[in-house]
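K.L.:
Would you be able to build a 3D model of this:
(2 chains)
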Amino acid sequence: MTHHRLSFNQHLILAFVSVSVPLGDASLSRGMRSLPPISPAHPLSLIGAVFTPWIAAGIALLIGYFASYLTALSWADLTYVMPATALGNVFVALLAHYWLRENISWMRWMGIAMVTIGVAFVAHGPANTTLPVNTVAPLEPQELDAKEPGR
Amino acid sequence: MTLAGELLQASFWKAAAMMATIVITSSTGEVLTAAAMKSMGDLDDIRARSGLVGAIKAVVTSPLFMGGIFFMAVAFFSLLFALNHMNLSLVGPAAASLTLVTNTVAAKFFLHEKVDQRRWTAAALVCVGVYFLAH
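P.N.:
Residues are numbered from 1 along each chain as shown, chains lettered A, B, ... in the order given. Prediction:
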């Protein structure tokens, strides 16, 4: 099925795709900065990092993101879903300003405006411009009977 | 932190190599995954027809999907490695901006998406916007 306009649930999935990435990345960063520097000569020590709480929380958020992202890619183009991911940076900046009372420079306000306008540009177009392989509707039982009378 | 500040922590070429690894592996993974999901159609329809197990089976048995997962895993560990040497405020937006551009080009040529003027403009706006957000 080709979806040109998305349902409410599909918009919710795209919203989760947006917010889960910055939250997950922030958790990963918090976890990795608390570890001693990892040398390229010992890459296996990265495996141990996966089991620390912040990294584990970041991975959990990113798994949720990935499930939503895959679902979104099954009914929308990659070039439609990608800007939704970028919108997460805007959410984080707005939360920092209005909730944490952090100052936002004029450059960041410009960034917020540009990402928002970019997402709005894509959102007003069709979600899917290609046709998936199995878009042919399955045959109804009466159609199957007509094709295979002895069935 | 500014780029000059980052250079105090990691040499320019080392930082560029880390960023290039993240961007190339991430783009390859995302395009392979998108190709897999496009080829199987709407997951909600598959779940309605074959249940959740059927939908999961359809996804994980796709060779394109498994290829995408491999490259995304490489991109993830490259990101972890980069975060250990550089700040998230540089790595996150830079990787996001550059991946957006490479993904848009790859989507046009490999996924045959109709990347019209509207989507090119959006990609450029989001790319520059993400860069500005990091400063």
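K.L.:
Is stretch A:25-34 in proximity to chain B?
P.N.:
Yes. Among the residues of stretch A:25-34, A:Asp25, A:Ala26, A:Leu28, A:Ser29, A:Met32, A:Arg33 lie within reach of chain B under Cβ under 8 Å from any Cβ of the partner chain. Placement of C-beta: from N, CA and C, glycine included.
K.L.:
Output those residues in TSV; the columns should cover pLDDT and neighbour count.
P.N.:
Compiled in TSV, those are given as follows (pLDDT from 0 to 100; neighbours: other Cβ atoms under 10 Å in any protein chain shown):
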residue	pLDDT	neighbour count
A:Asp25	77	24
A:Ala26	77	17
A:Leu28	83	24
A:Ser29	78	22
A:Met32	82	24
A:Arg33	79	12
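K.L.:
Okay, now the unreliable bits of chain B?
P.N.:
Counting by pLDDT under 70, the low-confidence segments of chain B come to B:1-10, B:134-135.
K.L.:
could you pull out the helices for it?
P.N.:
With DSSP state H applied, chain B shows helices at B:3-9, B:12-40, B:43-60, B:63-83, B:88-109, B:117-133, listed in chain order.
K.L.:
Compare those and give me the one nearest A:Ala86.
P.N.:
Of all these, the one in closest proximity to A:Ala86, counting by Cβ to Cβ, is helix B:117-133 (4.6 Å).
K.L.:
what angle separates the closest one from helix B:88-109?
P.N.:
Counting by axes from the mean of the first three to the mean of the last three Cα atoms, to 10 degrees, helix B:117-133 points 170 degrees away from the direction of helix B:88-109.
K.L.:
Identify the residues contacting helix B:117-133?
P.N.:
The set of residues that contact helix B:117-133 without belonging to it, under Cβ atoms under 8 Å, 6 or more residues apart in numbering or on different chains, is A:79-80, A:82-83, A:86, A:89-90, A:93, A:107-108, A:110-119, A:121-122, A:124-125, B:93-94, B:96-98, B:100-101, B:104, B:113, B:115.
K.L.:
Distance of B:Phe81 relative to chain A?
P.N.:
Applying Cβ to the nearest Cβ, to the nearest Å, one obtains 7 Å for the distance of B:Phe81 from chain A.
K.L.:
Pull the contacting residues for that residue.
P.N.:
Counting by Cβ under 8 Å, 6+ apart, B:Phe81 has contacts A:Ile38, A:Pro40, A:Pro43, A:Leu46, B:Met18.
K.L.:
same check, this time on A:Ser27
P.N.:
Contact analysis of A:Ser27 by Cβ under 8 Å, 6+ apart lists A:Trp54, A:Ile55, A:Ala57, A:Gly58, A:Leu61.
K.L.:
how does it look with 10 Å?
P.N.:
Contact partners of A:Ser27, counting by Cβ atoms under 10 Å, 6 or more residues apart in numbering or on different chains, are A:Pro53, A:Trp54, A:Ile55, A:Ala56, A:Ala57, A:Gly58, A:Ile59, A:Ala60, A:Leu61, A:Leu62.
K.L.:
between the helix or strand the fifth one falls within and helix B:43-60, how many degrees?
P.N.:
According to DSSP states H and E, A:Ala57 maps onto helix A:53-75. Computed with the same axes, to 10 degrees, the direction of helix A:53-75 lies at 120 degrees from that of helix B:43-60.
K.L.:
residue ranges for the strands of chain A, please.
P.N.:
The residue ranges that make up strands in chain A, judged by DSSP state E, are empty, as it has none.
K.L.:
Using PyMOL, define a selection of the buried residues within the contacts of A:Ser27.
P.N.:
In PyMOL, selecting the buried portion of those, with burial taken from 16 or more other Cβ atoms under 10 Å in any protein chain shown, looks like this:
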select buried, chain A and resi 54+55+57+58+59+61+62
